[in-house]
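Undergrad: the following comprises the amino acid sequence and a computationally predicted model.
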Amino acid sequence: MKSQKSYTEQLKDVKEVFQRFTLKPVEGVPLMKPIADNWEKVASFRAHPNDLLIATYPKAGTTWIQEMVDLILNNGDAEKCQRAPIPERIPFLEIFSSPTIPSGVELLEQTPSPRVIKTHLPLQLVPQSFWEQRCKVIYVARNAKDNLVSYFHFDRMNQTQPEPGPWSGYITKFMKGELSWGSWYDHVKGYWQEREKRGILYLFYEEMKQNPRQEIVRVMNYLGQSLPDDIIEKIVELTSFKSMKSNPMANYTFFPDFIFDHKVSPFMRKGEVGDWKNHFSEEESAIFDAHYAEQMKGSDIPFKTVI
Ligand code: PPS
């Protein structure tokens, strides 16, 4: 039976289980230990043919695309899309349970079709069933430098992730693929290489920022939906950074501060392209760029670091 308590209250009841978890590799990819410990359940997840998977490297624009998709599927009905916090509306496949909140897999087992599902897993760890069932998959990628900056601030405020440590060392960890969910380079390349074969809609944060209407229409078409212009405009407005920052069902203030400490850094932090320029020194940028060129050699993914 569903608890009468709010999502936030249920989390507050089990404060003691949350801590800065260590990472444990699954097939060489570092994941938060409770995710790795629960791996069999994730790997054997049974997808339905009409499931929609939203896949991203952490901090690439996951919440943004989730809100867009939910609004598109609900004809731009803002009230309906306020029905629950985003992890309840669009469960996070691999997330572990706490004594009061089911794991992503458990929650999905209780969720009627058609389901929309979030994952940060790299392509090779996505449960096989999604491919067997030929599910639709939307991938969002964000340029490496802004992605890294956003992840750094997130790891400062997210009290369940390993301590980020100082900025310069964090850059190195990112470059080495030592952060949760592994290498950014492998992640973005993995989905890019398979996008045509597996029918993946591959989007960019920077394009969503530059031309949100165009990207919303692409998502709408991919989902086989057709919405009138005024509803599309409404979705553009409801998914602007400003609207989402003040949306209590999307801005993650429903997580108590022992999970996400917004006083350290808000989840909806800046929402910009190019904030990396405020973080990287010239030397750091040069080292990063050289390593990037090496890692991305032979890849034609059209990333933009400025718009
Ligand atoms: S998570 O934890 O992986 O699900 O985080 P994710 O949602 O992928 O990434 C959070 C970053 O996305 C920004 N964001 C947005 N930018 C522009 N417009 C909208 N509507 C929007 N919604 C979320 C959010 O601010 C984080 O980026 P930074 O650069 O840290 O501000």
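TA: It's in. Numbers count the residues shown, from 1 in each chain.
Undergrad: quick one, strands of the stretch 101-250 of the chain?
TA: According to DSSP state E, counting those that start in this stretch, the stretch 101-250 of the chain carries its strands in the segments 116-119, 136-141, 200-204.
Undergrad: which helices and strands does the second one pack with?
TA: Under the contact definition 3 or more CB pairs under 8 Å, 6 or more residues apart in numbering; DSSP states H and E, strand 136-141 sits against strand 52-56, helix 62-73, helix 184-194, strand 200-204, helix 205-210, helix 212-222. Every residue, glycine included, has its C-beta placed from N, CA and C.
Undergrad: tell me the strands beside it, with direction?
TA: strand 52-56 (parallel), strand 200-204 (parallel) (DSSP bridges).
Undergrad: so which of those strands is the most surrounded?
TA: Stretch with highest mean neighbour count among the strands paired with strand 136-141: strand 52-56 (a mean of 24; mean count of other CB atoms under 10 Å).
Undergrad: now it: how far from the chain's centre is it?
TA: Here the centre of strand 52-56 is set off from its chain's centre by 8 Å, with CA atoms, centre = their mean, to the nearest Å.
Undergrad: how about stretch 220-237?
TA: Averaging C-alpha positions (CA atoms, centre = their mean) puts stretch 220-237 22 Å from its chain's average.
Undergrad: may I have that stretch exported as CSV, CA atoms only?
TA: What follows is stretch 220-237, C-alpha atoms only, in CSV (Å, rounded to 0.1, in the frame of the first residue of the first chain):
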residue,chain,number,x,y,z
MET,A,220,7.5,15.0,-30.0
ASN,A,221,8.0,13.6,-33.5
TYR,A,222,10.2,10.8,-32.2
LEU,A,223,7.5,9.9,-29.7
GLY,A,224,4.9,9.9,-32.4
GLN,A,225,3.0,12.8,-30.8
SER,A,226,1.5,15.8,-32.5
LEU,A,227,0.7,18.9,-30.4
PRO,A,228,-0.6,22.3,-31.5
ASP,A,229,1.7,25.3,-31.6
ASP,A,230,0.4,26.9,-28.5
ILE,A,231,1.0,23.8,-26.4
ILE,A,232,4.5,23.5,-27.8
GLU,A,233,5.1,27.1,-26.8
LYS,A,234,3.8,26.4,-23.4
ILE,A,235,6.2,23.4,-23.0
VAL,A,236,9.1,25.7,-24.0
GLU,A,237,8.1,28.1,-21.2
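Undergrad: check whether it contacts the ligand.
TA: No. Stretch 220-237 does not reach the ligand (CB under 6 Å from any ligand atom); its nearest approach is 10.2 Å.
Undergrad: would JSON lines of the helices and strands packed on strand 136-141 with distance to P162 be doable?
TA: Formatted as JSON lines, the helices and strands packed on strand 136-141 follow (distance: least, CB to CB, whole Å):
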{"stretch": "strand 52-56", "distance to P162": "20"}
{"stretch": "helix 62-73", "distance to P162": "19"}
{"stretch": "helix 184-194", "distance to P162": "16"}
{"stretch": "strand 200-204", "distance to P162": "28"}
{"stretch": "helix 205-210", "distance to P162": "24"}
{"stretch": "helix 212-222", "distance to P162": "33"}
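Undergrad: would you list those in CSV and tack on mean pLDDT?
TA: Listed next are the helices and strands packed on strand 136-141 as CSV, based on pLDDT from 0 to 100:
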stretch, mean pLDDT
strand 52-56, 99
helix 62-73, 98
helix 184-194, 98
strand 200-204, 98
helix 205-210, 98
helix 212-222, 98
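Undergrad: who wins for proximity to V264 among these?
TA: helix 62-73 (18.0 Å; CB to CB).
Undergrad: what residues of stretch 163-177 count as buried?
TA: For stretch 163-177, a neighbour-count test (16 or more other CB atoms under 10 Å) marks 164, 170-171, 173-175, 177 as buried.
Undergrad: what of stretch 252-269?
TA: Quick answer for stretch 252-269 (16+ other CB under 10 Å): 252-256, 259-260, 265-269.
Undergrad: which other residues reach that stretch?
TA: With contact meaning CB atoms under 8 Å, 6 or more residues apart in numbering, stretch 252-269 is reached by 6-8, 11-12, 15, 18, 63, 85-86, 150, 153-154, 156-160, 241, 244-245, 248, 251.
Undergrad: again, only this time at 7 Å
TA: Applying CB atoms under 7 Å, 6 or more residues apart in numbering, the external contacts of stretch 252-269 come out as 7-8, 11-12, 15, 18, 85, 150, 153, 156-160, 241, 244-245, 248, 251.
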